[in-house]
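Visitor: kindly return the folded structure for what I paste below:
(one chain, ligands or ions: 1)
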Amino acid sequence: MSNLITVDLIITARWMVPVIPAETVLTDHSVLINEGEIVAIMPSADVDSSYVLSENGKRWDLKDHILIPGLINSHGHTPMSLLKGYADDKALKTWLEDHIWPAEGQHVSAQFVEDGTKLSMAEMIKNGTTCFADMYFFPEVSAKACESAGMRAQITIPVMDFPTAWASGPEEYFSKGEVVLDTFKDSELVTIGFGPHAPYTVSDGPIKDIVRLAEKWQAPIQIHLHETAFEVEEAIKTLGQRPTERLRDLGLLTPSTQCVHMTEIDDTDIAILQESGAHVVHCPESNLKLASGFCPVDKLQSSGINVALGTDGSASNNDLDMLGEMRTAAMLAKAVSKNAEALSAHKALEMATMNGAKALGISHLVGSLEVGKQADLCAIAMSDLALQPIYHPISQLVYCNNSHNVSHVWVNGKALLADRTLQTLDEQEVTASAVRWGEAISASANND
Ligand SMILES: [Zn+2]
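Guide: Take a look at the predicted model:
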């Protein structure tokens with residue numbers, strides 16, 4: 001009788017960054033996975049004396065690669081990939097009210113959402129992302145698309161005061177939303193939450209309903225908050241309160257709430273975040289492109305607030321590249337705090353992995369490479385000439401341009417990308433459908 005333990009997946013890599021413990025680089029180590037769960041992490045030389053591959057198991061020997069936890073994109077609007085580049089170089093208010101909302105009014109449908117979600121997922125997988133948080137219409141369509149592509153996601157039920165293609169108003173957002181919550185309540189990959197668009201598009205009544213329903217369903221909440229100075233000034237002028245104060249008073253800010261953007265914040269806002277335990281999702285490239293403002297990441301983190309990272313939608317970025325977003329976040333944090341030591345390469349990687357998992361309430365499952373966690377991983381080939389020489393693998397990962405070097409991605413131990421080829425989505429089909437949508441949207445555009 002052999003004493004060897006059987007596993008169904010062994011991944012060996014030149015370098016491994018488990019994220020926990022911090023700043024750790026393991027050299028020539030292997031991750032052993034069985035039924036989607038990490039069962040051991042050990043020096044590659046010791047594997048064969050303790051473990052054996054099952055009959056249909058797979059072994060990857062990634063000699064020039066760095067293995068990291070799968071990246072978590074904590075905020076976006078995946079179907080908006082179909083509006084990528086549609087209205088660039090405009091401020092948030094004009095961009096949204098004069099361009100994006102009219103185009104959405106004309107084109108958003110279940111098919112638009114399905115095709116846009118697939119396009120975004122294909123791009124994200126190719127860039128090393130295993131999990132994303134999404135806020136859009138037809139959430140049931142996005143959730144189904146995630147399950148079939150094998151991606152992990154938090155999909156939120158949209159809530160606004162006004163009608164959209166999905167629902168006629170708050171009452172219908174909630175009635176349809178509860179059906180979606182019920183449909184996906186046992187999903188292994190998808191968590192359904194509430195996505196009130198922003199304080200200025202959702203009034204007190206629906207906010208209170210969200211608080212009640214989120215409690216009932218134990219559902220997370222994600223909201224755009226303090227995106228611009230204009231938003232904060234208008235709220236003070238019309239309601240006499242900062243948006244954070246109003247949401248705190250309405251009970252919306254809890255440890256299950258993710259506040260996206262938080263660019264215009266003062267000590268009152270920081271104290272509210274600290275007391276409530278709410279998370280911040282930083283979207284630096286979207287904030288830069290829309291000239292929305294700067295999120296003081298370093299100050300938030302030193303105040304003990306969890307800060308995750310997101311790309312926002314492709315219509316305001318214009319890509320879904322979390323490796324690039326990490327680099328921008330690190331650079332911007334240094335510039336904003338005038339401190340080159342702010343947001344180190346490892347801290348940026350933490351934001352894109354562990355902090356995202358904490359914000360989305362799934363840190364017991366993913367976010368780091370640890371025994372007992374699900375095998376959501378990403379491998380990046382480090383043999384590119386532009387990456388040589390490699391003194392510090394984590395720095396090279398974050399500060400060099402790497403998204404095109406992502407070679408493998410797994411979720412729950414299932415390969416979604418192998419040798420740079422998508423395994424669960426058809427790249428040609430996804431590309432062709434995006435081209436068709438672009439032609440249809442251009443043909444009907446009134447987009448000066
Ligand atoms: Zn957004």
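Visitor: alpha carbons only for contacts and neighbour counts from here, please
Guide: Fine.
Visitor: got the domain boundaries for this protein?
Guide: 5-69+377-411, 71-359 (automatic domain parsing).
Visitor: and the average pLDDT for the last one is what?
Guide: Spelled out, that is domain 71-359. Averaged across domain 71-359, pLDDT comes to 96.
Visitor: what's the first-to-last distance across it?
Guide: Using Cα to Cα, to the nearest Å, the end-to-end distance of domain 71-359 comes out at 13 Å.
Visitor: can you give me the offset of it from its chain's centre?
Guide: 9 Å (Cα atoms, centre = their mean, to the nearest Å).
Visitor: quick one: contacts for Asn318?
Guide: Neighbouring residues of Asn318 by Cα atoms under 8 Å, 6 or more residues apart in numbering: Lys84, Gly85.
Visitor: figure out the helix or strand that it lives in.
Guide: Using DSSP states H and E, Asn318 falls within no helix or strand.
Visitor: what's the local residue count around Gly193?
Guide: Using other Cα atoms under 10 Å, Gly193 has 30 other residues around it.
Visitor: that one pairs with what?
Guide: Thr156 (DSSP bridges).
Visitor: which residues touch it?
Guide: Gln154, Ile155, Thr156, Ile157, Leu181, Ala214, Ala219, Pro220, Ile221, Gln222.
Visitor: repeat the analysis, applying 6 Å as the threshold.
Guide: Contacts for Gly193 (Cα atoms under 6 Å, 6 or more residues apart in numbering) come out as Thr156, Ala219, Pro220, Ile221.
Visitor: how about the residue nearest to Pro206 when sequence neighbours are not counted, phi and psi?
Guide: Nearest residue to Pro206, sequence neighbours excluded (Cα to Cα, 6 or more residues apart in numbering): Pro170, at 6.4 Å. Backbone torsions of Pro170, given as degrees, to the nearest 10, read phi -50, psi -40.
Visitor: what are the ranges of the strands in the stretch 1-150 of the chain?
Guide: All strands of the stretch 1-150 of the chain, identified by DSSP state E, counting those that start in this stretch, fall at 5-16, 26-34, 37-43, 51-69, 71-73, 129-135.
Visitor: re earlier: out of the domains of the chain, which is closest to Val371?
Guide: Val371 lies closest, by Cα to Cα, to one member of those: domain 5-69+377-411, at 5.0 Å.
Visitor: can you report phi and psi for Val108?
Guide: Backbone geometry at Val108, expressed as degrees, to the nearest 10, gives phi -70, psi 130.
Visitor: that one: neighbour count?
Guide: 18.
Visitor: with Asn127 instead?
Guide: The number of residues packed near Asn127 is 28, by other Cα under 10 Å.
Visitor: look at the nearest residue to it once chain neighbours are set aside and say how many residues are nearby.
Guide: Sequence neighbours aside, Ser403 is the residue nearest to Asn127 in space, at 5.1 Å (criterion: Cα to Cα, 6+ apart). Using other Cα under 10 Å, Ser403 has 18 neighbouring residues.
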